[in-house]
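# Here's a sequence, model it:
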Amino acid sequence: MSDDPLSVTFAALADPTRRAILARLAGGEATVNELAAPFAMSLQAISKHLKVLERAGLITRGRDAQYRPCRLEGAPLVDAAGWIDEHRQAWAGRFDRIAEHLDQLQSKAAQSSGEANERGTTR
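This is a model prediction of the structure:
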């Protein structure tokens, strides 16, 4: 896997458990136990997911005595959304050009069909 930030972000987002953790953190900080509650997996497994998210820069883990909250970090998501939007716009333009081309082909086909019908009725 590539170490560029965008690749690391998308790799972290590829897992549904990690996406669910991020969705939970979008509502505010939470502890590991709070994040683990809805999942049928060990705290160790949740910790591994958190490490992947932390490496990607998607979360940070604080330390306040015994309380160690996890927080969502938005910058990598903004970068990923920007990349997606840039490519979405390119594909939308391509689809628009394909639609225009299909419209032209249909118009030509309808015109050819109409001309053929006119020639057939004059005989």
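
# on contacts alone, who are the packing partners of the helix-or-strand element of the chain with minimal mean pLDDT?
Sorting the helices and strands of the chain by mean pLDDT, DSSP states H and E puts helix 75-121 at the bottom, at a mean of 86. For helix 75-121, the packing partners by 3 or more CB pairs under 8 Å, 6 or more residues apart in numbering; DSSP states H and E come out as helix 5-13. The C-beta positions use only the backbone N, C-alpha and C, and glycine is treated the same way.

# Report the buried residues of the helix it packs on.
8-10, 12-13 (16 or more other CB atoms under 10 Å).

# Excluding its own residues, what touches that helix? List them.
The set of residues external to helix 5-13 that reach it, using CB atoms under 8 Å, 6 or more residues apart in numbering, is 1-2, 18-19, 22, 52-53, 55-58, 76-77, 79-80, 83.

# what sits against Ala30?
Taking CB under 8 Å, 6+ apart, one finds 24, 69-70 in contact with Ala30.

# so of those residues, which ones are in helices?
Arg24 (DSSP state H).

# Among the contacts of Ala30, which one is most surrounded by other residues?
Cys70 (23 neighbours; other CB atoms under 10 Å).

# List the beta-bridge partners for that residue.
Ala30, Arg61 (DSSP bridges).
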